[in-house]
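Student: take this sequence and fold it.
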Amino acid sequence: MTVESLEAAIRRVGSSVTLLRDAAARPHTFPVAPEFTNWRSEQHAWRSTCALLDQSHHMTDLFVSGPDAARLLSDFGVNSFANFAPGRAKQYVACNADGYSIGDAILFHLDEGHYDVVGHPTVPNWLQYQAEAGGYDVTFDRDDNSADRPSGPPRFYRYELQGPNAPALLEKLTGAPLPDVKFFHTTEFTVAGHRVRALRHGMAGRPGFELFGPWDEGADVLAAIREVGAGFGLVRAGAKAYSTANLESGWIPTAVPAVFGPEEQGYREWLGADALGSLGGSLHTDDITDYYLTPYDLGYGRNVRFDHDFHGRAALARHAENAHRHKVTLVWNPDDVADLVRSLAEPGTPAKYLELPKARYAFFHVDRVLAGGGAAGGTDVGLSLDAGYIANEQAFVSLATVDAAAAEPGTEVRLLWGEEPNSAKPAVEPHRQREIRATVAPAPYVRAVRESYRR
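Tutor: Below you'll find the model as predicted:
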C-alpha cells in the first residue's frame with residue numbers, strides 16, 4: 001500500500017494549517033512508566049538528591065557514517081564543526097533556505113567518522129532527505145523511538161543521572177574519582193563490568209551524566225545504578241516528571257518546522273503525511289509562515305557560526321542583523337490558573353482542560369501572547385510554546401518567544417489559552433478560550449540553572 005505523502009495530504013485538505021490542526025498524532029511520546037512514586041516527588045529529586053530518568057524509548061537515533069557524513073552535517077547545520085572531535089556532542093540546529101528553524105537534536109561524534117543524531121524525528125528526516133536528494137555518500141542506520149519502531153528493543157539504553165548527589169553516586173558506582181569532563185563532552189565508565197559511555201549533560205540544568213550503551217547490557221547497568229543509588233536518595237522519574245524537565249532548563253522541545261514553502265516541496269513529497277505531528281493552541285492563522293521561528297527566536301543564537309557555508313546561511317545572516325524575538329519564561333498568574341481549573345466544575349462550557357504537570361495538547365503547541373488592551377484585545381507580542389507546572393518552584397509556567405519590547409523580566413503580558421474554533425484533534429474537547437495573565441521571567445527560570453548549567 002502506498003503511503004500518502006505530506007504534500008499529497010496538504011493538497012487533499014487544502015491547507016497545511018488545517019491538516020496539522022486536525023491531525024490525530026499524539027501530543028508527545030514518552031513510552032515509559034508515567035510515575036514511579038508521584039511526579040511532584042520525582043521533580044523534587046533532581047533538585048534535592050538524584051533523579052534517574054529513562055531516555056531509552058522516546059527519541060529517534062539516526063546513525064550517520066561514510067565519506068560524506070561530516071560534510072552532510074556541516075552543510076545543513078548552523079553550528080561550527082571546527083574541533084568537533086570524537087567524544088564531543090552539540091545541540092545541532094538546522095534551518096531552511098530562508099533561515100527559519102527546521103528543528104534541533106543532540107549530535108554525538110561517537111568515533112572517527114561515526115555520528116549519532118538523537119531527538120525528535122524532524123531533524124533525522126530532514127537529513128535523510130537532503131542526503132538522498134544531494135547524492136551524499138553516507139550510510140544511515142535508523143532506530144526510531146519505541147512507539148514507532150516496527151519491533152524489538154532500542155539499539156541503546158540511555159539513563160540520565162541528575163541532581164546534587166549524582167557525582168558522588170557515580171564515584172561509588174564506578175569505584176573511581178569522577179573525571180573532569182566539560183559540558184557536552186563524553187567520557188567512559190565501567191559499570192557492572194560493562195563499558196558505558198557518558199555525556200556530561202543535565203536535562204533540568206542540574207549536575208549529571210547521560211549514560212548509554214548497547215541495549216542488552218542495559219539491565220545490568222540499571223540494576224547497579226539502583227543498588228548503589230539507594231544510599232544517595234536515588235528516585236526513578238517517570239514520563240510525567242521527565243516531560244517537565246525542559247521547563248527548568250529553558251529548552252523549547254518543539255517548534256513548527258519551516259518546511260512548507262516552494263523550496264521544500266520535494267521534501268514534502270518524500271515525507272509521510274503523518275510524520276510531522278499535530279498543531280494546537282490559540283494562534284490560528286491560515287498562513288503557516290506565521291508559525292515559523294528563527295534559531296534566534298528560540299535562543300539558539302549562541303549556536304550559530306558563520307565560519308562555514310550551510311543551507312540558509314545568507315538568510316540567517318540577515319536575521320542576525322534584524323530585530324528578533326527573545327526566549328523567556330512566562331509565569332502564569334495563580335488566580336487566573338485557579339479560575340481556569342474552576343471552570344471545569346461550573347455550569348456552561350469550560351475552559352480548555354489544563355493537564356498537569358505538562359499542559360501541551362498538541363505536538364506543536366503555539367499560544368498567542370498579548371500586551372495591552374483586554375478581553376482578547378491588545379497587540380500580539382509573541383508566542384507561548386510549551387507549558388507546565390514546576391513543583392520545585394510551585395509555579396505554572398510556559399516557555400515563550402516574545403518581542404524585545406516585552407522581553408524585560410517583570411513585564412506583564414497575557415496568554416490566550418484554548419482554541420477558537422475548537423479543532424478536531426482527539427486531545428481537544430469542546431471548550432472556550434480564556435486569558436491568563438503572566439509575568440515575563442528569564443529562561444532558564446531557575447536562578448541556579450542560569451548561573452551554573454554549563455559549568
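Student: how much space between A241 and A359?
Tutor: Applying CB to CB, to the nearest Å, one obtains 14 Å for the distance of A241 from A359. To be clear about C-beta, it is placed using only N, CA and C from the backbone, and glycine gets the same treatment.
Student: who has more neighbours, the two?
Tutor: Neighbours were tallied for A241 and for A359 using other CB atoms under 10 Å; the higher tally belongs to A241 (30 against 20).
Student: I figured V446 hits V331, correct?
Tutor: No: here V446 lies out of contact with V331, judged by CB atoms under 8 Å, at a distance of 11.8 Å.
Student: tell me which of those two has more neighbours.
Tutor: Taking V446 and V331 together and counting by other CB under 10 Å, V446 has the greater number of neighbours (24 against 19).
Student: give me the nearest residue to that one, chain neighbours excluded.
Tutor: Using CB to CB, 6 or more residues apart in numbering and skipping the chain neighbours, the partner closest in space to V446 is E248 (5.2 Å).
Student: could you count how many residues lie near that neighbour?
Tutor: The burial count assigned to E248 is 27, neighbours taken as other CB under 10 Å.
Student: other residues contacting the helix or strand that contains it?
Tutor: Secondary-structure element containing E248, defined by DSSP states H and E: helix 245-249. When contacts are defined by CB atoms under 8 Å, 6 or more residues apart in numbering, helix 245-249 is touched by residues 46, 53, 202-205, 252-253, 329, 386, 388, 390, 392, 397, 399, 444-446, 449, 453.
Student: point out where the stretch 351-455 of the chain drops to low pLDDT.
Tutor: Under the criterion pLDDT under 70, the flagged ranges of the stretch 351-455 of the chain are 374-377, 452-455.
Student: cutoff 90 now
Tutor: Low-confidence regions of the stretch 351-455 of the chain, defined by pLDDT under 90, span residues 372-378, 446-455.
Student: the chain too?
Tutor: Counting by pLDDT under 90, the low-confidence segments of the chain come to 1-3, 25-32, 146-150, 201-208, 323, 372-378, 446-455.
Student: redo that, cut-off 80
Tutor: The chain contains residues with pLDDT under 80 at 1-2, 28-30, 202-207, 373-377, 448-455.
Student: wait, what's in contact with the closest residue to H324 other than its chain neighbours?
Tutor: Leaving aside its chain neighbours, H324 sits nearest to Y296 (4.1 Å; criterion: CB to CB, 6+ apart). Each residue near Y296 by CB under 8 Å, 6+ apart is listed here: 304, 319-320, 324-325.
Student: what's the closest of those residues to M59?
Tutor: For M59, the nearest member of those is V304. The distance, counting by CB to CB, is 23.7 Å.
Student: nearest residue to the middle of the protein?
Tutor: The centroid of the chain falls nearest to P253 when counting by CA atoms, centre = their mean (1.9 Å).
Student: for it, helix, strand, or coil?
Tutor: Assigned with DSSP: H, G, I helix; E, B strand; the rest coil, P253 falls in the coil class.
Student: which helix or strand lies directly C-terminal to the helix holding E248?
Tutor: Note on helix 245-249: by DSSP H and E, the next helix or strand toward the C-terminus is helix 265-270.
Student: how far away is the residue nearest to the centre of the chain from L330?
Tutor: Applying CB to CB, one obtains 16 Å for the distance of P253 from L330.
Student: re earlier: quick one, what contacts the residue nearest to the centre of the chain?
Tutor: Taking CB under 8 Å, 6+ apart as the contact definition, P253 lies against 28, 120, 246, 386.
Student: redo these as JSON lines? Include distance to I436.
Tutor: Conversion of these to JSON lines gives the following (distance: CB to CB, whole Å):
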{"residue": "H28", "distance to I436": "21"}
{"residue": "H120", "distance to I436": "27"}
{"residue": "N246", "distance to I436": "20"}
{"residue": "D386", "distance to I436": "14"}
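Student: among these, which lie within strands?
Tutor: The subset of those located in strands under the criterion DSSP state E comprises D386.
Student: flag every buried residue along stretch 293-311.
Tutor: Judged by neighbour count using 16 or more other CB atoms under 10 Å, the buried positions of stretch 293-311 are 293-301, 303-304, 310-311.
Student: please name the spatially closest residue to G233 (chain neighbours excluded).
Tutor: For G233, ignoring the flanking residues on the chain, the nearest one in space by CB to CB, 6+ apart is T49 at 3.1 Å.
Student: number of nearby residues for that neighbour?
Tutor: T49 is flanked by 17 other residues according to other CB under 10 Å.
Student: what does it show for phi and psi?
Tutor: Comment: the main-chain dihedrals of T49 come out as phi -130, psi -100, following degrees, to the nearest 10.
Student: tell me where the stretch 101-250 of the chain has helices.
Tutor: The residue ranges that make up the helices of the stretch 101-250 of the chain, judged by DSSP state H, counting those that start in this stretch, are 122-134, 166-174, 218-229, 239-242, 245-249.
Student: now render these as TSV, adding distance to G418.
Tutor: Shown next, in TSV, are the helices of the stretch 101-250 of the chain (distance: least, CB to CB, whole Å):
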stretch	distance to G418
helix 122-134	26
helix 166-174	39
helix 218-229	41
helix 239-242	22
helix 245-249	20
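Student: out of those helices, which comes closest to F183?
Tutor: Minimum separation from F183 across these (CB to CB) falls at helix 245-249, 12.2 Å.
Student: show me which positions of the closest one end up buried.
Tutor: With burial defined by 16+ other CB under 10 Å, the residues of helix 245-249 counted as buried are 245-249.
Student: okay, it in PDB with CA atoms only?
Tutor: The C-alpha trace of helix 245-249 is given here as PDB (Å, rounded to 0.1, in the frame of the first residue of the first chain):
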ATOM      1  CA  ALA A 245      12.500  19.000  32.900                       C
ATOM      2  CA  ASN A 246      12.800  21.400  30.000                       C
ATOM      3  CA  LEU A 247      10.700  24.000  31.800                       C
ATOM      4  CA  GLU A 248      13.500  24.300  34.300                       C
ATOM      5  CA  SER A 249      16.400  24.200  31.800                       C
END
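Student: now stretch 152-167: buried residues?
Tutor: With burial defined by 16+ other CB under 10 Å, the residues of stretch 152-167 counted as buried are 154-167.
Student: typed the wrong thing, it's stretch 271-278
Tutor: Going by 16+ other CB under 10 Å, stretch 271-278 has these buried residues: 271, 273, 275-278.
Student: in JSON lines: the residues you listed, plus secondary structure and distance to S15.
Tutor: Converted to JSON lines, the buried residues of stretch 271-278 look like this (DSSP: H, G, I helix; E, B strand; the rest coil; distance: CB to CB, whole Å):
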{"residue": "L271", "secondary structure": "coil", "distance to S15": "17"}
{"residue": "A273", "secondary structure": "coil", "distance to S15": "14"}
{"residue": "A275", "secondary structure": "coil", "distance to S15": "18"}
{"residue": "L276", "secondary structure": "coil", "distance to S15": "14"}
{"residue": "G277", "secondary structure": "coil", "distance to S15": "16"}
{"residue": "S278", "secondary structure": "coil", "distance to S15": "14"}
